[in-house]
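# Predicted coordinates and the sequence they were generated for:
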Amino acid sequence: MPAGGFSAPAPNGVEFEAKITPIVVISCIMAATGGLMFGYDVGVSGGVTSMDDFLVKFFPVVYRKKHQADNSNYCKYDNQGLQLFTSSLYLAGLTSTFFASYTTRNFGRKPTMLIAGIFFIIGVILNTAAQDLAMLIVGRIFLGCGVGFANQAVPLFLSEIAPTRIRGALNILFQLMTTIGILFANLVNYGTAKIHPWGWRLSLGLAGIPALLLTVGSILVVDTPNSLIQRGHLQEGKAVLKKIRGTENVEPEYNELLEASRIAKEVKHPFRNLLKRRNRPQLVIAIFLQIFQQFTGINAIMFYAPVLFNTLGFKNDASLYSAVITGAVNVISTVVSIYTVDKLGRRVLLLEAGIQMFLSQVVIAILLGIKLKDHTDGLPHGIGILVVVMVCVFVSAFAWSWGPLGWLIPSETFPLETRSAGQSVTVCVNLLFTFVIAQAFLSMLCHFKYGIFLFFSGWVLIMSVFVFFLVPETKNIPIEEMTEKVWKRHWYWKRFMDDDDEGLELHDEKKVGKTNGYDDSKL
Ligand code: BGC
C-alpha cells in the first residue's frame, strides 16, 4: 500500500510529459497577481497611517498625540481604531476563507479568483473615496474578502497548472509576488506622502492596478484540469490538459487526475478527515508554522515599519524610505530562498534564520533600551541607522525561511485527501494570527516598549526548538512518498503512522472513528 493508504494511480514520483508552454507561463503570471494584491494590502497601511493628512481626517486623536512633545515615544500610535484599519482586512480574510474553500471546490479556481478580483475592486473604490472611518473600514473588509478568496484559489491554481518539476518554485512565486507587492506599496507611499492633502488616496487607489490585473487575468485563464475533472467536465479537462502541457500524450496524467478526483469525491468530510489520527503530524505542523510565522514579529515591520521608524524619532520621509529599504531586502532575500530551498533544505534555512532573527531582535531591544528615552526626540542618528540595519538582518532571515516555508511546507506535506481542507486551515490560522499582530502591535509597543523585541525573540527561540525536534526535512521527497520516507521514519511522528486505519476512513467512517479512539460522528 503506498503512502497515504490509497492505491497509487501512477508510479511514485513519475514525471509526466509536459512542456512549459506559453499558456502556463501567462496563466501563472496572471494568477500570481493575487500575491501582488495581497502584498500591496500588507504594505500600504503602515505608510498611510503615518501620513498627517490621513490622520487629521480619520484619526485626529492620534494626530494630536503624535505631535504632542510630552507624549511617550512608544505610545504615539497606540489607538485601537487605527489598528483596526490594518487588522479588519485579516479578520474578513479569515472568515471568507471558508466560503472560498466551498467555491474553489464546487465552482472552480477560475471563478474563485474572479470573485477575489471583484472584491478587491470594490474595496479599492471604497478606500480611495473614503469620507469617514466607516467607509474606510468597510473598504478594508472587502479587500480582506478578496485576500481570503485569492489566497485560497491562487496557490492551488499555481500548483495544479504547473508541471511537477517547477511546482515548488511556483509556490514560492506567490510569496515573491507578495513581497514585490509590499515593496511596491512602500515606494508608492514614499512618493504620495509628498502630495497634500490627498496623497493617501492615491496610495490606496493604486491597489486598483493589481486588482484589475487579477480580475482580467481570471477571466482570461483556463480553469485547471484538476478542477474541471473533479466537477465532472471530463472532456474539457482533457482538452485543457493537452493545451497546457503542449502535447497529445496526456493519457497517464489524465488517468491520475481521474483517480485523484474519484478519491477526492469519496472523502465526504474533508475537514473531519483532517482530524484523523494519521493526519495529525501534518495538521499540527501546518498550524504551528502559521502561528510561529506571525510570532516572528515580521508583520510588526511589514505593517508598521514607517510608524515604528517614526516612533524611533525618524522624520516622515526617512521613515518611509527606511520602509522601502526593508521592503527591498524582503524581495531579494525571497529570491535567495528560491535558489537554496531545494539544495540546503527546509530545516537548515529555518534553523539558521532562527539564530539570525534572535540575535537581531535582541540587539534592537538593547539599542532601544539604552538609547531611546521615553520623552526625547528619538534615537541618535548613528544608532538609528544601526537599528535599520538590524531590522534588515531580521527581515532577510525571515524572507528566506519562515516567509516562503510557512506556506510551502504545509502545501507539500498534506496527503491528497486532505490537501484542500489543509490549505483552508493553513490560510485561516495564518490570517487569524496576522490579525492578532495587526490589532495588538502598537498597543504592545506602548506597554512593553523595547521589550516587545525581546518578546518576539523569545518566540523565535521556541519556534527554533520546535523546528529542531518536530519539523522533518521534506526536500526532494515526492509528495506521495511523504508517509513512507518522512513520517514513518521520524522519531516522534512515527507513532501516528500505525497502519491500522489505512484506507478505511474513505469507506467506513465509523470504524475509523473507533480506531482513532474517539467518536468521529460527533465532530
Ligand atoms: C506572511 C505575511 C507577511 C509576508 C512578508 C508572508 O509569508 O504570511 O504575513 O506579511 O510574508 O513578506
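It's in.

# Count the residues that sit near the residue of the stretch 401-523 of the chain found nearest the ligand.
Here the residue of the stretch 401-523 of the chain nearest the ligand is residue 403; by Cβ to the nearest ligand atom that distance is 4.1 Å. For glycine as for every other residue, the C-beta is placed from the backbone atoms N, C-alpha and C. Residues near residue 403, counting by other Cβ atoms under 10 Å, number 26.

# Pull the contacting residues for it.
175, 179, 293, 298, 330, 334, 337 (Cβ atoms under 8 Å, 6 or more residues apart in numbering).

# and the ligand, which of these contact it?
Contacts with the ligand within those, as defined by Cβ under 6 Å from any ligand atom: 175, 179, 293, 298, 330.

# For residue 93, identify the helix or strand it belongs to.
Applying DSSP states H and E as the criterion places residue 93 in helix 80-106.

# Quick check: what element follows that helix along the chain?
Next along from helix 80-106, by DSSP H and E: helix 109-128.

# Tell me what angle that next one forms with helix 80-106.
Angle, helix 109-128 to helix 80-106, by axes from the mean of the first three to the mean of the last three Cα atoms, to 10 degrees: 160 degrees.

# what pLDDT, on average, does helix 109-128 get?
Averaging pLDDT along helix 109-128 yields 97.

# Whichever helix or strand comes after it packs against which elements?
Next helix or strand after helix 109-128 toward the C-terminus (DSSP H and E): helix 133-161. Counting contacts by 3 or more Cβ pairs under 8 Å, 6 or more residues apart in numbering; DSSP states H and E, helix 133-161 packs against helix 22-49, helix 80-106, helix 109-128, helix 167-192, helix 225-230, helix 402-413, helix 419-448.

# tell me the contacts of the residue of the stretch 51-200 of the chain found nearest the ligand?
As assessed by Cβ to the nearest ligand atom, the ligand sits closest to residue 179 within the stretch 51-200 of the chain, at 4.7 Å. By Cβ under 8 Å, 6+ apart, the contact list for residue 179 reads 39, 327, 330, 331, 334, 399, 403.

# I'd like to know which elements the helix or strand hosting the second one is packed against.
For residue 327, the enclosing helix or strand under DSSP H and E is helix 316-340. Contact here means 3+ Cβ pairs under 8 Å, 6+ apart; on that basis helix 316-340 packs against helix 22-49, helix 167-192, helix 298-311, helix 381-399, helix 402-413.

# Now it: buried residues?
316, 318-331, 333-334, 337-338 (16 or more other Cβ atoms under 10 Å).

# ok and it relative to helix 402-413, angle-wise?
Going by the same axes, to 10 degrees, helix 316-340 makes 40 degrees with helix 402-413.

# quick check, distance from helix 316-340 to the centre of its chain.
From the chain centre to the centre of helix 316-340 is a distance of 17 Å (Cα atoms, centre = their mean, to the nearest Å).

# Repeat that for stretch 26-35.
Its chain's C-alpha centre and that of stretch 26-35 lie 15 Å apart, by Cα atoms, centre = their mean.

# Give me the average confidence score over it.
Here the average pLDDT along stretch 26-35 is 84.

# Is there proximity between it and the ligand?
No - against the ligand, stretch 26-35 shows no contacts by Cβ under 6 Å from any ligand atom, the least distance being 9.5 Å.

# Please list the outside residues in contact with that stretch.
113, 116, 150-151, 153-154, 157-158, 161-162, 170, 173-178, 180-181, 210, 213-214, 216-218, 220-222, 244.

# average model confidence for the helix holding residue 93?
Here the average pLDDT along helix 80-106 is 92.

# Now do the buried residues in it.
Buried residues in helix 80-106, counted by 16+ other Cβ under 10 Å: 82-97, 100-101, 103-105.

# any idea of the angle it forms with helix 22-49?
160 degrees.

# Distance from helix 80-106 to the middle of the chain?
For helix 80-106, the distance to the chain centre is 13 Å (Cα atoms, centre = their mean).

# That helix close to the ligand?
No - Helix 80-106 stays clear of the ligand (Cβ under 6 Å from any ligand atom), getting no nearer than 8.7 Å.

# Quick check: which helices or strands does that helix pack against?
helix 22-49, helix 109-128, helix 133-161, helix 419-448.

# Quick check: the residue of the stretch 201-350 of the chain nearest the ligand.
Counting by Cβ to the nearest ligand atom, the stretch 201-350 of the chain gets nearest to the ligand through residue 302 (4.2 Å).

# quick revisit: now the contacts of residue 403 as JSON lines including pLDDT?
Shown next, in JSON lines, are the contacts of residue 403 (pLDDT from 0 to 100):
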{"residue": "175", "pLDDT": "91"}
{"residue": "179", "pLDDT": "96"}
{"residue": "293", "pLDDT": "98"}
{"residue": "298", "pLDDT": "96"}
{"residue": "330", "pLDDT": "97"}
{"residue": "334", "pLDDT": "96"}
{"residue": "337", "pLDDT": "91"}
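
# Could you show which parts of the stretch 251-400 of the chain are in contact with the ligand?
293, 298, 299, 302, 330.

# ok, and for stretch 198-217, which residues are buried?
199-201, 203-215, 217.

# nope, stretch 247-258 is what I was after
Applying 16+ other Cβ under 10 Å to stretch 247-258 flags 250, 253, 254, 256, 257, 258 as buried.

# Restricted to helices, list the residues you listed.
Residues of the buried residues of stretch 247-258 located in helices (DSSP state H): 253, 254, 256, 257, 258.

# residues in contact with the first one?
Taking Cβ under 8 Å, 6+ apart as the criterion, residue 253 is in contact with 10, 16, 17, 18, 241, 245.
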